[in-house]
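Engineer: Need coordinates for the following:
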Amino acid sequence: MRESEYRMGEKELKKPHFVFIHGAGGGSWCWYKIKCLMYNSGYTVTCLDLKGAGIDLSDPNKILSFDEYNKPLIDFLSSLPDHEQVVLVGHSAGGLSVTDASHKFPKKIALAVYVAATMLKHGLSTEQDFIDGAPDVSEFGDTYDLEIGLGPDQPPTSAIVKKEEERKLFYNMSPIEDVTLASMLLRPTLVYAFQRAEFKEGTEVVEKVPRVYIKTTYDKIVKPERQDRMIAKWPPSNVYVIVVQISLIHLYYLTN
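Structural biologist: Residues are numbered from 1 along each chain as shown. Just a heads-up that it's a prediction; the model follows:
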């Protein structure tokens, strides 16, 4: 019998297949520690680079829709056999990708897990959605370098946090080796595409996907009060609270 299977009486069960989705500016590399832990325990683990992220070389300033950005995840789920399900995990802006997929492939998602993530049923469809789910770092001053890919009179197409601000905003409680790795690998955030992440179809079916939320209490991007508002607005079945910095090891044991 394979390591990824075990027996309960006469019934043979597979361990879940976990699919991890990074946040804005990240990539599949964000999950390397938890992937190693889970793979060594016999799980199937897939970590995806979305369009213009990680090692995908697409120009972030030319990705002008959320559908295009999220296409790698949608293509992956499309390729799965109809009977196969995954546990879909999204961090930060990766929550938008999880919700989009839940609208489109509810039968292929056994569980949607939001890790300090944007969890909005219809995405960024209203002004209130932006208030609840979009990051607000205005208190930190001038933290981003913007790219205007559509011309000087158009809104920004991408943004990247200034190097000197990365640790304060993203990795305020992380070990220096993780900060160093991230500083080498972070890509621009797709501002224009994210602002068009609206999910207006599949309202009924999306409710069939079980959801849990993992709340963090020291997040500088998706702040705890914003997490609380999204949880209250669209309550998941369970909420777990990590009272210290999000740890990949903590997340591993929560999902076991």
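Engineer: any idea how far the residue nearest to Pro16 when sequence neighbours are not counted lies from Leu48?
Structural biologist: Spatially, and ignoring its direct neighbours in sequence, Pro16 is nearest to Val87 (4.8 Å; Cβ to Cβ, 6 or more residues apart in numbering). C-beta coordinates here come from the backbone N, C-alpha and C atoms, glycine included. From Val87 across to Leu48, the span is 14 Å (Cβ to Cβ, to the nearest Å).
Engineer: my guess is the residue nearest to Pro16 meets Ile21, correct?
Structural biologist: No - using Cβ atoms under 8 Å, Val87 makes no contact with Ile21, being 11.4 Å away.
Engineer: which one of those two has more residues nearby?
Structural biologist: A count of neighbours by other Cβ atoms under 10 Å puts Ile21 above the other of Val87 and Ile21, at 32 against 20.
Engineer: Count the neighbours of the residue lying closest to Thr143 once chain neighbours are set aside for me.
Structural biologist: Spatial nearest neighbour of Thr143, excluding adjacent residues (Cβ to Cβ, 6+ apart): Glu165 at 4.6 Å. Neighbour count of Glu165, defined by other Cβ under 10 Å: 16.
Engineer: Repeat that for Val115.
Structural biologist: 27.
Engineer: before we move on, what about Phe170?
Structural biologist: 21.
Engineer: what's the answer for Phe18, then?
Structural biologist: Phe18 has 23 nearby residues by other Cβ under 10 Å.
Engineer: Equivalent analysis for Cys47, please.
Structural biologist: Cys47: 19 neighbours (other Cβ under 10 Å).
Engineer: who's it bridged to?
Structural biologist: Phe20 (DSSP bridges).
Engineer: Adjacent strands (with direction) for the one helix or strand the residue nearest to Pro16 maps to?
Structural biologist: In the assignment (DSSP states H and E), Val87 maps to strand 86-91. According to DSSP bridges, strand 86-91 has the following sheet partners: strand 17-21 (parallel), strand 109-115 (parallel).
Engineer: so how far is that strand from its chain's centroid?
Structural biologist: 8 Å (Cα atoms, centre = their mean, to the nearest Å).
Engineer: ok, then the element right after it?
Structural biologist: Sequence order places helix 94-104 as the next helix or strand after strand 86-91, per DSSP H and E.
Engineer: by contact count, what packs against that following helix?
Structural biologist: On a contact count with 3 or more Cβ pairs under 8 Å, 6 or more residues apart in numbering; DSSP states H and E, helix 94-104 meets strand 17-21, helix 71-79, strand 86-91, strand 109-115, helix 203-206.
Engineer: Between those, which one is closest to Ser158.
Structural biologist: Nearest to Ser158, of all those, is helix 71-79, at 17.2 Å by Cβ to Cβ.
Engineer: Restricting to C-alpha, output the closest one in CSV.
Structural biologist: Extracted in CSV, the C-alpha atoms of helix 71-79 (Å, rounded to 0.1, in the frame of the first residue of the first chain):
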residue,chain,number,x,y,z
LYS,A,71,-6.0,31.0,-15.0
PRO,A,72,-3.2,28.6,-13.8
LEU,A,73,-5.5,27.6,-10.9
ILE,A,74,-8.6,27.3,-13.1
ASP,A,75,-6.6,25.2,-15.6
PHE,A,76,-5.3,22.9,-12.9
LEU,A,77,-8.8,22.3,-11.5
SER,A,78,-10.2,21.7,-15.0
SER,A,79,-7.6,19.0,-15.5
